[in-house]
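Q: Give me coordinates for this.
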Amino acid sequence: MPTFDFQCQKCKTVFEFARPFGSKATPACPSCKNKKTEKLLTPPAVQFKGSGFYKTDSSKPTPAAKPAEAKAPAPDKPATESPKPAPKTPEKGV
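A: Predicted structure coming up:
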């Protein structure tokens, strides 16, 4: 059963009381026996330690960067120029 904190409205004593979930019954104060007590809001007692709780822990590892492929050296002339055809040589004999 969960433990809740209560405070007496008469003597202001703070005490713990275990009651099942969904129960609306308020306990009497242990020091003055007053039945007017109220439940205090307290933060949950949860601690996130270790791996798996953060965004970076649950993401898939990225693949390693591939090394750049070796490229042929760039030509001195722009690629838009076409190479000049070789000069024609006269044919021999006929």
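Q: From now on I want contacts and neighbour counts done on CA atoms only, so please keep to that.
A: OK.
Q: those strands in this protein, which residues are they?
A: 3-8, 14-18, 37-39 (DSSP state E).
Q: To K88, which of those strands lies closest?
A: strand 3-8 (101.8 Å; C-alpha to C-alpha).
Q: What is that closest one packed up against?
A: Where contact means 3 or more C-alpha pairs under 8 Å, 6 or more residues apart in numbering; DSSP states H and E, strand 3-8 is packed against strand 14-18, strand 37-39.
Q: Tell me which of the strands of the chain lies nearest to K84.
A: Across those, closest to K84 is strand 3-8 (C-alpha to C-alpha), at 91.5 Å.
Q: Next up, the contacts around V14.
A: D5, F6, Q7, C8 (C-alpha atoms under 8 Å, 6 or more residues apart in numbering).
Q: Surely D5 touches E16?
A: Yes: contact status for D5 versus E16: in contact at 4.5 Å, counting by C-alpha atoms under 8 Å.
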